[in-house]
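>>> Pasted the sequence and its predicted model underneath.
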Amino acid sequence: MGNIMTNRLDRGFERYQDEFESAALKVLRSGWYILGKELENFEKNYAAFTGSRFCAGCGNGLDALTLACRAIGISAGDEVIVQGNTFIASAMGISAAGGTPVFVEPDEYYQLDPSQIEQHITERTKAVMVVHLYGQTAKAEEIKAICDKHGLKMIEDCAQSHGAYAGRKMSGTVGDIGCFSFYPSKNLGCFGDGGAIVTDNEEYAAHIRQLRNYGSSVRYHNEELGVNSRLDEMQAALLNVRLSHLKELNEERKAAAAVYNAGITNPKIIKPVCREGAEHVYHQYVIRCSERDALAEHLKNKGVDTIIHYPIPPHLSKAYAFLGLKEGSLPITEEYAKTVLSIPMYNGITKEEQQTVIEAINEF
Ligand SMILES: Cc1ncc(COP(=O)(O)O)c(C=O)c1O
């Protein structure tokens, strides 16, 4: 028997196999594969699901962030405040639009700390990007109020928080534009690359639809330098199937997290805590341990795979060396990078698998 893997995408497929296969076959037989009815349908469904006026599909989560940054007018010299402990795509979306990420420290829930924002606002600051990391929603409404006070736009990176409420509103709908990845491992995953934005702003939605299609709204009339970044009909059709089950899939992840919360008792382990007023849909179940690497090795020997989200914070990556940020510039972010560990969490994880994980952790 192999190790318990950190993710099992096959289980997510098998659960709704008939529905996925008939949706895929319908697209194959339709003779229409890009920018058609399936995408229109998904955009309508996802806008309704999130409570937004508009949704626009695109090729992946990074493009969603990049196009959102372009739509709100980020360009060379503009600064966007973002948390230090995120997947590098958050920062690269800002950079791809020509802006500069300004990294700030997270709170104890691994989310952007609102108290860190104002001291980093300069005359070049144009926006704040809130990442709802690991599936837990950040203090988005509080951050929106800070943005409003200073005339800043707010973008939400919801690549890990599909369907999670950030207070009264669903993540992605508190700020100006919400950005989603449908990478296969996400809570709402497709079967390849996919992404989307949601917004209440008609102008932003139209602009992003134009940007994603070579800067063209009318065929062969190109208004600006765009990109080719479309959510294809196959992915849209498969996402329509998964979206119809997303609520129950998120509830299942929460139930699996409750099993870990109750079972893991080793005092060396810091378990994830869901802030009051937040929702956590456990895209990842992330623990912390001062002896993280030894713990990972121990778990591996006990048949349990783990993964680190993320071992190198963006500001210390080679890609962002040009910012000149040295080790020690974001101590909390850097401490998290050294101590976090994601344990197996996926739809379809069994009680037996979780028990094996729990016993192995408690033995450490
Ligand atoms: C927080 C975050 N932002 C952005 C992305 C980028 O999404 P994609 O891989 O679809 O480009 C991801 C996932 O990969 C992510 O986890």
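Arrived safely, thanks for sending.

>>> OK, contacts around Val227?
Applying Cβ atoms under 8 Å, 6 or more residues apart in numbering, we find Val227 in contact with 63, 66-67, 211-212, 214. Where C-beta positions appear, they are placed from N, C-alpha and C, glycine not excepted.

>>> What about those, which one has the most neighbours?
With neighbours defined as other Cβ atoms under 10 Å, the most crowded of those is Leu67; it has 30 neighbours.

>>> Distance check, that one against the ligand.
Counting by Cβ to the nearest ligand atom, to the nearest Å, the separation of Leu67 from the ligand is 12 Å.

>>> Next: Asp232.
For Asp232, the distance to the ligand equals 14 Å [Cβ to the nearest ligand atom].

>>> What residues does that residue make contact with?
So Asp232 contacts 33-34, 39, 192 (Cβ under 8 Å, 6+ apart).

>>> So which of those residues is the closest to the ligand?
Within the contacts of Asp232, the smallest distance to the ligand is 10.0 Å, found for Gly192 (Cβ to the nearest ligand atom).

>>> my read is that closest one is in a helix, agree?
No. Judged by DSSP: H, G, I helix; E, B strand; the rest coil, Gly192 forms no part of a helix; its state is coil.

>>> That one - nearest residue in space that isn't next to it in sequence?
Using Cβ to Cβ, 6 or more residues apart in numbering and skipping the chain neighbours, the partner closest in space to Gly192 is Gln235 (5.8 Å).

>>> what sits against that neighbour?
182, 190-194.

>>> Please determine how far the closest residue to His150 other than its chain neighbours is located from the ligand.
In space, and not counting its chain neighbours, His150 is closest to Ile121: 5.7 Å by Cβ to Cβ, 6+ apart. As judged by Cβ to the nearest ligand atom, Ile121 and the ligand stand 23 Å apart.

>>> List the residues that contact Ile121.
Contacts of Ile121 (Cβ under 8 Å, 6+ apart): 81, 150, 152.

>>> swap in Asn187?
Asn187 neighbours (Cβ under 8 Å, 6+ apart): 135, 160-163, 246, 249-250, 253, 281, 283.

>>> thinking again about what came up before, for the contacts of Ile121, which one is nearest the ligand?
Ile81 (15.6 Å).

>>> C-terminal to the helix or strand encompassing the closest one, which secondary structure element comes first?
Assigned by DSSP states H and E, Ile81 belongs to strand 79-83. Downstream of strand 79-83, the next assigned helix or strand under DSSP H and E is helix 88-96.

>>> Would you list the phi and psi of Arg29?
Backbone torsions for Arg29, taken as degrees, to the nearest 10, come to phi -80, psi -10.

>>> got any ranges where the stretch 101-250 of the chain has weak pLDDT?
Across the stretch 101-250 of the chain, nothing is flagged by pLDDT under 70.

>>> just the strands in it please.
125-131, 153-157, 165-166, 169-170, 177-181, 195-199, 216-218, 221-222 (DSSP state E, counting those that start in this stretch).

>>> To the ligand, which of those lies closest?
strand 177-181 (3.2 Å).
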